[in-house]
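A.B. asks: just coords:
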């Protein structure tokens, strides 16, 4: 098999006040969570306002009223066809930012990536990893854990579909881990803020490394905790300040909603920082979110991927992965 056997199809969906998740969207995904229930339109409106306000706060130059910019978000839905027969499976969803300058009237592309969701990752963490450790006395990682997912992701980035749609590699922005300690460094960027270094690596870092991504941790100006930025190349020079601000404002807003104990805490991270999901000294946004439901659904979605993708195509996927050259 060669590296071009899989076909990727990209669909773009506007993420606005009228957004409704499709049947193929992982319902644990951040943006899909906001669009459920009676308060869905109110949730979406508030979240988008938070994103725009944060963007303007981070871009104050020539912006006296803090209203020069707004963000338009697109959900990038990626389907994979592994046999070339037109039968597809939803692989990943990422977010694309678009920056609107209301003074110049210019609309520019922001970064693609931001949020990252994947059915195969759900399978790896919520099915395979759990099953592997049921019979273990000590936690361990299965052989080749994350390799198929990592190669599929890199295959997508190398595909014609990706290159025709996006000019730059993705940047994925995640929460920091509550079981690691982060140390503030002297390195500081005008937009990304102060850099932090973790005391050790993590399973998430290992998983994203297999996707071809490096990671750095920065706490942006007027933030209270660092964010994890996963990227290819040089995060600080490959993207403009406005591109980086688009990602920060979008993902920090989501984290304030989903991880308020960390990202809406009332105390700022110190020089030596360990995130705490039990922190009571935090503020809540006016947006409803059921974290317990999200954890339960991740397992259901992992099993969905197992039954509809991993099992039917197992031999083909194993052969492709073994022969895929990075």
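C.D. replies: Here it is on my side, so go on. Since we're looking at a predicted model, the values are computed, not measured. Residues are numbered from 1 along each chain as shown.
A.B. asks: which stretches of the chain form strands?
C.D. replies: Assigned by DSSP state E, the strands in the chain fall at 7-15, 69-81, 89-101, 107-118, 171-174, 182-189, 193-198, 214-219, 227-231, 272-273.
A.B. asks: would you list these in TSV and tack on mean pLDDT?
C.D. replies: Formatted as TSV, the strands of the chain follow (pLDDT from 0 to 100):
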stretch	mean pLDDT
strand 7-15	91
strand 69-81	94
strand 89-101	94
strand 107-118	94
strand 171-174	97
strand 182-189	98
strand 193-198	97
strand 214-219	98
strand 227-231	98
strand 272-273	96
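A.B. asks: format those as TSV; extra columns: distance to residue 44.
C.D. replies: To be clear about C-beta, it is placed using only N, CA and C from the backbone, and glycine gets the same treatment. Below are the strands of the chain laid out as TSV (distance: least, C-beta to C-beta, whole Å):
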stretch	distance to residue 44
strand 7-15	8
strand 69-81	10
strand 89-101	14
strand 107-118	14
strand 171-174	20
strand 182-189	31
strand 193-198	27
strand 214-219	27
strand 227-231	22
strand 272-273	31
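A.B. asks: could those strands go into CSV alongside mean neighbour count?
C.D. replies: Converted to CSV, the strands of the chain look like this (neighbours: other C-beta atoms under 10 Å):
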stretch, mean neighbour count
strand 7-15, 16
strand 69-81, 19
strand 89-101, 21
strand 107-118, 21
strand 171-174, 22
strand 182-189, 15
strand 193-198, 19
strand 214-219, 20
strand 227-231, 23
strand 272-273, 16
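A.B. asks: between the ones you listed, which gets nearest to residue 60?
C.D. replies: strand 69-81 (10.6 Å; C-beta to C-beta).
A.B. asks: what's the closest one packed up against?
C.D. replies: For strand 69-81, the elements it packs on are strand 7-15, helix 40-58, strand 89-101, strand 107-118, helix 147-157, helix 241-258, judged by 3 or more C-beta pairs under 8 Å, 6 or more residues apart in numbering; DSSP states H and E.
A.B. asks: how far off centre is the third one?
C.D. replies: For strand 89-101, the separation from the chain centroid amounts to 10 Å (computed by C-alpha atoms, centre = their mean, to the nearest Å).
A.B. asks: what does the shortest one give?
C.D. replies: Computed by C-alpha atoms, centre = their mean, the chain-centroid distance of strand 7-15 equals 16 Å.
A.B. asks: quick one: it to helix 147-157, angle?
C.D. replies: 80 degrees (axes from the mean of the first three to the mean of the last three C-alpha atoms, to 10 degrees).
A.B. asks: the fourth one now?
C.D. replies: Angle of strand 107-118 versus helix 147-157, following the same axes, to 10 degrees, is 160 degrees.
A.B. asks: quick one: strand 107-118 to helix 241-258, angle?
C.D. replies: 40 degrees.
A.B. asks: and the longest one, by the same measure?
C.D. replies: For helix 40-58 against helix 241-258, the angle between stretch directions is 140 degrees (the same axes, to 10 degrees).
A.B. asks: quick check: buried residues in helix 40-58?
C.D. replies: 40, 43-44, 46-48, 50-52, 54-56, 58 (16 or more other C-beta atoms under 10 Å).
A.B. asks: in CSV: those, plus pLDDT and distance to residue 188.
C.D. replies: Converted to CSV, the buried residues of helix 40-58 look like this (pLDDT from 0 to 100; distance: C-beta to C-beta, whole Å):
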residue, pLDDT, distance to residue 188
40, 68, 39
43, 77, 34
44, 82, 34
46, 89, 31
47, 87, 29
48, 91, 29
50, 94, 25
51, 96, 24
52, 97, 25
54, 98, 19
55, 98, 20
56, 98, 21
58, 98, 14
